[in-house]
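1. sequence and predicted structure are below.
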Protein chains: 2
Amino acid sequence: MKLSARELHLNAFLMGVGHHEAAWRHPRTDPHAHDDVAHFQELARIAERGKFDSVFLADGVQVMGDVRHSIAHRFEPVTLLTALAQATERIGLIATASTGFSEPYNLARLFSSLDHISGGRAGWNIVTTAGDRSAQNFNREVNAEHAERYQRAAEFLDVVTALWDSWEDDALVVDRESGVFADDAKVHEINHKGRFFSVRGPLNAVRSPQGHPLLVQAGSSEDGKAFAATWAEAVFTAHQTYGDAAAFYADLKRRVTAQGRSADDVKVLPGIVPVLGGTEAEARALADSLDDLIIPTRAVRQLTELIGVDLTDHPLDERLPPLPPVSHVNGAKSRFELVRDLAEREGLTLRQVLRRLGGGRGHQVVVGTPEQVADHVELWFTTGAADGFNVMAPLLPSGLEDFVDHVVPLLRARGLFRAEYSGRTLREHYGLPRPVSRYAEVVPV
Amino acid sequence: MKLSARELHLNAFLMGVGHHEAAWRHPRTDPHAHDDVAHFQELARIAERGKFDSVFLADGVQVMGDVRHSIAHRFEPVTLLTALAQATERIGLIATASTGFSEPYNLARLFSSLDHISGGRAGWNIVTTAGDRSAQNFNREVNAEHAERYQRAAEFLDVVTALWDSWEDDALVVDRESGVFADDAKVHEINHKGRFFSVRGPLNAVRSPQGHPLLVQAGSSEDGKAFAATWAEAVFTAHQTYGDAAAFYADLKRRVTAQGRSADDVKVLPGIVPVLGGTEAEARALADSLDDLIIPTRAVRQLTELIGVDLTDHPLDERLPPLPPVSHVNGAKSRFELVRDLAEREGLTLRQVLRRLGGGRGHQVVVGTPEQVADHVELWFTTGAADGFNVMAPLLPSGLEDFVDHVVPLLRARGLFRAEYSGRTLREHYGLPRPVSRYAEVVPV
């Protein structure tokens, strides 16, 4: 099969010792690796060996889940990715950061610095952060409402991208003789005055290699999709069925073109949790061995946090109760709908829901041989459900190694995936343009 | 001479291509190195070869000085130090960060992460940030008053240190069999409610190798010294005369002991700009070649920013005008007093003041041979004016290399400075204790 015109994109979502919630209890992991920079550097090198577009770190601004039975802590992602930048040469580095609890000037600096330090490999996964528990670490009793969080995010992006543009690409002169270091006509105050922020600028950083670090987004609610259509260049999304994924894909591309952007300017990357085995039975046994390690009381608390509906007193072996309308939910709306639809479609008990979610918190778990996983990837990619995948290995590093060593070669043999990097920057890997500074003078033709 | 009981401490203050304001115009530098991570990694390796205690990066949250004639931009320091951590093994890594414009939870995470990533080598130089220009990047027209900035800083430190303590050192259990990852009785909400901040906690990071990253402070005003006496473990300070330095040293140590701390628990490190030559004449020629490259109109603007008094219209060859009482100054009060005293003591014109400040912005410039610089270090160290020095090479990397290769060996030969690291962490280099978590149960003897 010859190389398709479209190129498949693969992102390695790095999550401690694995995405399965019981990964740390499984004999194939070292649970202490969660706190070891060298472990994450090894993961990034494995993904780079596989020619992945990028690695990605989630984030939160509170202890996550039940401290007793969960891994509730994490590295701050921008600093960790800076350390990974030193251990790798080509792979992109995407960090999650919230617009809810920091200042645009500070966040613009952090990502600009990562982009400079990594030679143009930085990406920002923009989240708004649900939940009162996070807000309580930042001077508030309750978090802002969903719509307001997205309004703040939109203004936050206006400010951050203006700051990234505030030094034009050719602003530096560096003329020792005359003593002119920069052309001050090419360094701009942004003078933003909005509802949430007033920022004068310019940023105290020259424009970074990518112009803007890549903008990634993961919310799939109405507000989230509207935001993505305006701002995102890659979208991480979670679907349980091909139908849902294809519908989301078509809807998002439609919204993107309605904004006057090209459909190709946004890459849609559903999550996939590949549980791999040499045979289907081996893979199934691995999946079962992981699911058996789930602690239900802990998983219920995590589900409660995830969807914003308290299920802690619901009997494990009864079907899920009717859930409220999504409009009543102030948490992660799209994840709420996914869980509701899954439980209703298949008539699952709470315990069954917990096992279905344990592998990937709502992302698609594919249990099978490398061929079966490659088939899944090819089907979704070639028939309008995905531009690539956010690969969430259940166990790390072994699950990522298995994917790189056994699935990636199949994708290459099928002409779907690169054998070598052709670009240097994260934008080049994703085939996305480098933005021109909004302050650059347009030269008449 | 035998090893003195006290150990001299040396910090390498890294500033682009040198501390002299005209360093980038001098033929011994590469001005583009200011934007090159590899340049900073080389500087850190040179300092580590010299067995310095630490490297240090200043910071600001605005473009500094005159964009046309100054280097007005910089790397974000925590990310840059994370990259330096990967290029070094032992040397401490101190980043400046302001308490004025960020949230304690975010800053606590960044420094905790740097401490984890570097294996216990992180330090935080705490600044409150003067000037309206910075405030205008953070939703305000004017900055808070000096006293209020320090009140916020004190509460900020209460919160950050409590967050760093919120996981006790032995909180992790990691028992796969029982599924207990952490002892939740050893993970603490901090429940801070104060005038500036309300923070529930705990931090989403386990306690870092040093317990608390080293706390450094550089303000020398009344408020600054009171803050240092309570919080600082190292103090960077600027003095033009031995007398001023000795008086400051005695005063600060007195304030520290008045707080119930040991005088040894705070290291006082005056800045020194060593302009080195094989002969005194060579050193003098280097100093003149640098001072001749100062652009007076630019330097006046920087002085105006530094001391908060507008001197842009004052004739260059007239003596400085009488300056207002320090109580009227809302900028860096101690630096204002230093400039006023220098000009009055020596009857300097504005141009002369600019040349005197061009080398180190008010820090002591010592022009001479390695022996002369070593004599200066020894005198101040052995007679109660310093516990060590904040070494500010006028040109980088050459000035730091000269210091490491020619001054450090003399200090070693005189029994003043280490020939090898004895510790692993920044605290160990400075001979400072690792703090016990405030939440740790005191075991009765």
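-> Looks like it came in fine.

2. show me the strands in the stretch 301-445 of chain A, by range?
-> Applying DSSP state E, counting those that start in this stretch to the stretch 301-445 of chain A gives strands spanning A:364-368, A:388-391.

3. can I get these in TSV with mean pLDDT, distance to chain B and mean neighbour count?
-> Every C-beta, even on glycine, is put in place using the N, C-alpha and C of the backbone. As requested, these are exported to TSV (pLDDT from 0 to 100; distance: least, CB to the nearest CB, whole Å; neighbours: other CB atoms under 10 Å in any protein chain shown):
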stretch	mean pLDDT	distance to chain B	mean neighbour count
strand A:364-368	95	21	21
strand A:388-391	98	22	28
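
4. enumerate every residue touching the closest residue to chain B within the stretch 151-300 of chain A.
-> The minimum distance from the stretch 151-300 of chain A to chain B, using CB to the nearest CB, falls at residue A:200 (4.0 Å). When the contact criterion is CB atoms under 8 Å, 6 or more residues apart in numbering or on different chains, the partners of residue A:200 are A:189, A:190, A:191, A:192, B:133, B:136, B:137.

5. most surrounded residue in those residues?
-> Neighbour counts for the contacts of residue A:200 peak at residue B:137, which has 29 neighbours (criterion: other CB atoms under 10 Å in any protein chain shown).

6. and for the residue lying closest to that one once chain neighbours are set aside, the neighbour number?
-> Nearest residue to residue B:137, sequence neighbours excluded (CB to CB, 6 or more residues apart in numbering or on different chains): residue A:105, at 4.5 Å. A count of neighbours around residue A:105, defined by other CB under 10 Å, yields 25.

7. over to residue A:239?
-> Count around residue A:239 with other CB under 10 Å applied: 24.

8. show the pLDDT at it.
-> Turning to residue A:239, the model gives it a pLDDT of 91.

9. any idea which element it lies in?
-> In the assignment (DSSP states H and E), residue A:239 maps to no helix and no strand.

10. is it true that it touches residue A:366?
-> No - using CB atoms under 8 Å, residue A:239 is not in contact with residue A:366, being 12.0 Å away.

11. ok, now which ones touch the residue nearest to residue B:137?
-> So residue A:105 contacts A:159, A:163, A:199, A:203, B:61, B:101, B:137, B:138 (CB under 8 Å, 6+ apart).

12. which parts of stretch A:249-259 are buried?
-> Residues of stretch A:249-259 classed as buried by neighbour count (16 or more other CB atoms under 10 Å in any protein chain shown): A:249, A:252, A:253, A:255, A:256.

13. the residue lying closest to residue A:24 once chain neighbours are set aside: how many residues sit nearby?
-> Using CB to CB, 6+ apart and skipping the chain neighbours, the partner closest in space to residue A:24 is residue A:31 (3.9 Å). Using other CB under 10 Å, residue A:31 is surrounded by 19 other residues.

14. residue A:31 touches residue B:172, doesn't it?
-> No - in this structure, residue A:31 is not within contact of residue B:172 by CB under 8 Å, at 9.2 Å.

15. any residues in contact with both of these two?
-> What both residue A:31 and residue B:172 touch, as defined by CB under 8 Å, 6+ apart, is the set residue B:181.

16. check contacts around the nearest residue to residue A:246 once chain neighbours are set aside.
-> Leaving aside its sequence neighbours, residue A:246 sits nearest to residue A:385 (CB to CB, 6+ apart; 4.3 Å). Each residue near residue A:385 by CB under 8 Å, 6+ apart is listed here: A:239, A:242, A:245, A:246, A:249, A:270, A:379.

17. what distance separates the top strand by length along chain A from the centre of its chain?
-> Scanning chain A for the longest strand, with DSSP state E as the assignment, gives strand A:267-276. With CA atoms, centre = their mean, to the nearest Å as the basis, strand A:267-276 stands 11 Å off its chain's centre.

18. tell me the angle that strand makes with strand A:364-368.
-> On the basis of axes from the mean of the first three to the mean of the last three CA atoms, to 10 degrees, strand A:267-276 is oriented at 40 degrees to strand A:364-368.

19. now strand A:267-276: buried residues?
-> Here strand A:267-276 shows A:267, A:268, A:269, A:270, A:271, A:272, A:273, A:274, A:275, A:276 as buried, counting by 16+ other CB under 10 Å.

20. can you lay out these as TSV showing pLDDT and distance to residue A:312?
-> Below are the buried residues of strand A:267-276 laid out as TSV (pLDDT from 0 to 100; distance: CB to CB, whole Å):
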residue	pLDDT	distance to residue A:312
A:267	98	38
A:268	97	34
A:269	98	33
A:270	97	30
A:271	96	26
A:272	97	30
A:273	97	25
A:274	98	31
A:275	98	28
A:276	98	34
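
21. got the residues you listed as TSV, with distance to residue A:79 columns?
-> Compiled in TSV, the buried residues of strand A:267-276 are given as follows (distance: CB to CB, whole Å):
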residue	distance to residue A:79
A:267	26
A:268	29
A:269	24
A:270	28
A:271	25
A:272	28
A:273	27
A:274	29
A:275	31
A:276	31
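
22. would a markdown table of the residues you listed with distance to chain B be doable?
-> Shown next, in a markdown table, are the buried residues of strand A:267-276 (distance: CB to the nearest CB, whole Å):
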| residue | distance to chain B |
| --- | --- |
| A:267 | 26 |
| A:268 | 30 |
| A:269 | 26 |
| A:270 | 27 |
| A:271 | 22 |
| A:272 | 26 |
| A:273 | 21 |
| A:274 | 23 |
| A:275 | 19 |
| A:276 | 22 |
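
23. I'd like to know which of the residues you listed is nearest to residue A:88.
-> residue A:269 (19.8 Å; CB to CB).

24. ok, that closest one touching residue A:13?
-> No - counting by CB under 8 Å, residue A:269 stays clear of residue A:13, with 9.5 Å between them.

25. shared neighbours, the two?
-> A:236, A:390.

26. what residues does the stretch 151-300 of chain A put near chain B?
-> A:167, A:174, A:176, A:179-184, A:187, A:197-206, A:293, A:295, A:298 (CB under 8 Å from any CB of the partner chain).

27. okay, and which of those residues map to helices?
-> residue A:298 (DSSP state H).

28. which of the residues of the stretch 151-300 of chain A next to chain B are buried?
-> Looks like these have A:167, A:179, A:181-184, A:187, A:197-206, A:293, A:295, A:298 buried, using 16+ other CB under 10 Å.

29. what does the host helix or strand of residue A:38 rub up against?
-> Assessed by DSSP H and E, residue A:38 sits inside helix A:37-49. Applying CB under 8 Å, 6+ apart, the contact partners of helix A:37-49 are A:12, A:14, A:17, A:30, A:33, A:55, A:75, A:80, A:83-84, A:87-91, A:93, A:396-397, A:400-401, A:404, B:116-117.

30. please enumerate the helices of the stretch 201-350 of chain A.
-> Here the stretch 201-350 of chain A has its helices, by DSSP state H, counting those that start in this stretch, at A:222-231, A:242-258, A:280-291, A:296-307, A:333-346, A:350-358.

31. rebuild those as TSV, extending it with distance to residue A:431 and mean pLDDT.
-> TSV is the format used below for the helices of the stretch 201-350 of chain A (distance: least, CB to CB, whole Å; pLDDT from 0 to 100):
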stretch	distance to residue A:431	mean pLDDT
helix A:222-231	18	94
helix A:242-258	15	96
helix A:280-291	32	97
helix A:296-307	33	85
helix A:333-346	26	86
helix A:350-358	33	90
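
32. out of those helices, which is closest to residue B:219?
-> Of all the helices of the stretch 201-350 of chain A, helix A:222-231 comes closest under CB to CB, at 40.0 Å.

33. buried set for that closest one?
-> In helix A:222-231, counting by 16+ other CB under 10 Å, buried: A:223, A:224, A:225, A:227, A:228, A:229, A:231.
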